[in-house]
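Novice: Model the structure of this input:
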Amino acid sequence: MPLAVASSPSVGVCVPTLNAGSTWHEWLALTLPTAASFRVLVIDSSSDDATADAAREAGCEVVVIERSDFNHGGTRQRALLHLDDCDIVIFLTQDALLADHKALANLLSAFDNPGVGAAFGRQLPHEDATPIAAHARHFNYSPYSRVVGSEDIPQLGIKTAFLSNSFAAYRREVLLEAGGFPEGTILSEDMMAGARLLQHGWQLAYCAEACVYHSHNYSLFEEFQRYFDIGVFHHREKWLLAWLGKAEGEGKRFVLSEIRYLLRHAPWRLPEAGIRTLLKYAGYRLGKNEHHLPLGLKRIFSMHKHYWR
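Specialist: Residues are numbered from 1 along each chain as shown. The predicted model follows:
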């Protein structure tokens, strides 16, 4: 049976950064007051702007790495090792803005359950989110909290291991014992970590009361690129789909939900949504067959250029 951490665990916060831009000061202003008793670590990929300087001035610990050394899994694994006196480590992205002053506390409350190894919060669309981007947040992040374990795989499939490191927290030692974050994945290091925890008997908590604003208005080609990368991930981590189930069923549910949402809120966006669906499918299928493609084409098709060396 999993063991609980101390009633008042020590907490670390990590945010990887790269040219965080105009919203960075807002991120610091929203996050640091509610993390006053936490270690806050910024791992900066050699930003060209003042991201690292602003973090230092605000009192954060700052580690600067070469841009070419950034890796979604490896960089976060480095954070786990760096924050070696923390029981729980919270991960945020530079564009995820806390929705209120209780967001971090609400996320940490998930660990009152001694069987929970990781928790993630609800992502709300930014004010400038398009209807298509807003629907993606509403579909993936419901207003209802839940806790899942490996026994839920037959019902939930691949969604059982769903986590998002845009706003997630982990029992540090538990995750390390389960294998930590994977090195060298193109994306979805959070889902891999979630799957590893499930394999070791831990539960994953979704905390709808812990909210951040986080969304992306992807262009048509960016949509294609993101799903190409997802296809690459699924091709290279076949064991994940073999264990949890294929992703196609979830894709169908998303499309039907999107149609219903746009019919109510923005019917003029339906043709664009159809084009995006075709591009997502094409990108995903190409990604799953990336072993047949030349390196140069993979770099063009991918959102993560640094991955292809």
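
Novice: So in that sheet, which strands flank the top strand by length along the chain, and in what orientation?
Specialist: When the chain is parsed with DSSP state E, its longest strand is strand 203-213. If you go by DSSP bridges, strand 203-213 pairs up with strand 97-98 (antiparallel), strand 116-124 (parallel), strand 146-148 (antiparallel).

Novice: Please identify the most buried of these.
Specialist: Burial of the strands paired with strand 203-213 is given as mean neighbour count (mean count of other C-beta atoms under 10 Å); strand 116-124 ranks first at a mean of 25. Where you see a C-beta, it was placed from the backbone N, CA and C, and this is true even at glycine.

Novice: Domain-wise, how is this structure divided?
Specialist: Domain segmentation of the chain under automatic domain parsing yields 11-213, 220-307.

Novice: how about the ones you listed in a markdown table, adding mean pLDDT?
Specialist: What follows is those, written out as a markdown table (pLDDT from 0 to 100):
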| stretch | mean pLDDT |
| --- | --- |
| domain 11-213 | 97 |
| domain 220-307 | 95 |
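
Novice: Could you look over the ones you listed and pick the most buried one?
Specialist: Using mean count of other C-beta under 10 Å, the stretch among the domains of the chain with the largest mean neighbour count is domain 11-213, at a mean of 19.

Novice: Kindly check the end-to-end length of that domain for me.
Specialist: By C-alpha to C-alpha, to the nearest Å, the extent of domain 11-213 from end to end equals 22 Å.

Novice: quick revisit: which residues does the helix or strand that the longest strand of the chain is followed by contact?
Specialist: Using DSSP states H and E, the next helix or strand after strand 203-213 towards the C-terminus is helix 220-236. Helix 220-236 has contacts (C-beta atoms under 8 Å, 6 or more residues apart in numbering) with 185-188, 216, 218, 240-241, 247, 275-276, 279-291, 298, 301-304, 307.

Novice: Alpha carbons only: can I get the helix or strand that comes right after helix 220-236 in PDB?
Specialist: Downstream of helix 220-236, the next assigned helix or strand under DSSP H and E is helix 238-244. Provided in PDB are the C-alpha atoms of helix 238-244 (Å, rounded to 0.1, in the frame of the first residue of the first chain):
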ATOM      1  CA  LYS A 238       3.800   1.200 -28.900                       C
ATOM      2  CA  TRP A 239       3.600  -0.500 -25.500                       C
ATOM      3  CA  LEU A 240       1.500   2.400 -24.200                       C
ATOM      4  CA  LEU A 241      -1.200   1.900 -26.700                       C
ATOM      5  CA  ALA A 242      -1.000  -1.900 -26.400                       C
ATOM      6  CA  TRP A 243      -1.600  -1.500 -22.700                       C
ATOM      7  CA  LEU A 244      -4.100   1.400 -22.500                       C
END
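
Novice: Can you name every helix or strand that helix 238-244 contacts?
Specialist: helix 189-199 (3 or more C-beta pairs under 8 Å, 6 or more residues apart in numbering; DSSP states H and E).

Novice: For the helix it packs on, which outside residues touch it?
Specialist: Here helix 189-199 makes contact (C-beta under 8 Å, 6+ apart) with 72-73, 76, 91, 117-118, 120, 149-150, 153, 160-165, 168, 170, 174-175, 178-182, 185, 204, 237, 240, 243-244.

Novice: which ones are touching the spatially closest residue to Ser142 that is not a sequence neighbour?
Specialist: Closest residue in space to Ser142, ignoring its immediate chain neighbours: Ala208 at 6.5 Å, by C-beta to C-beta, 6 or more residues apart in numbering. Ala208 is in contact with 121-122, 141-145, counting by C-beta under 8 Å, 6+ apart.

Novice: Just send the residues you listed back as JSON lines, with secondary structure and distance to Lys252 too.
Specialist: Below are those laid out as JSON lines (DSSP: H, G, I helix; E, B strand; the rest coil; distance: C-beta to C-beta, whole Å):
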{"residue": "Gly121", "secondary structure": "strand", "distance to Lys252": "26"}
{"residue": "Arg122", "secondary structure": "strand", "distance to Lys252": "24"}
{"residue": "Tyr141", "secondary structure": "coil", "distance to Lys252": "19"}
{"residue": "Ser142", "secondary structure": "coil", "distance to Lys252": "18"}
{"residue": "Pro143", "secondary structure": "coil", "distance to Lys252": "23"}
{"residue": "Tyr144", "secondary structure": "coil", "distance to Lys252": "22"}
{"residue": "Ser145", "secondary structure": "coil", "distance to Lys252": "25"}
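
Novice: Nearest residue to Ala118 in space, ignoring adjacent ones along the chain?
Specialist: Tyr170 (4.6 Å).
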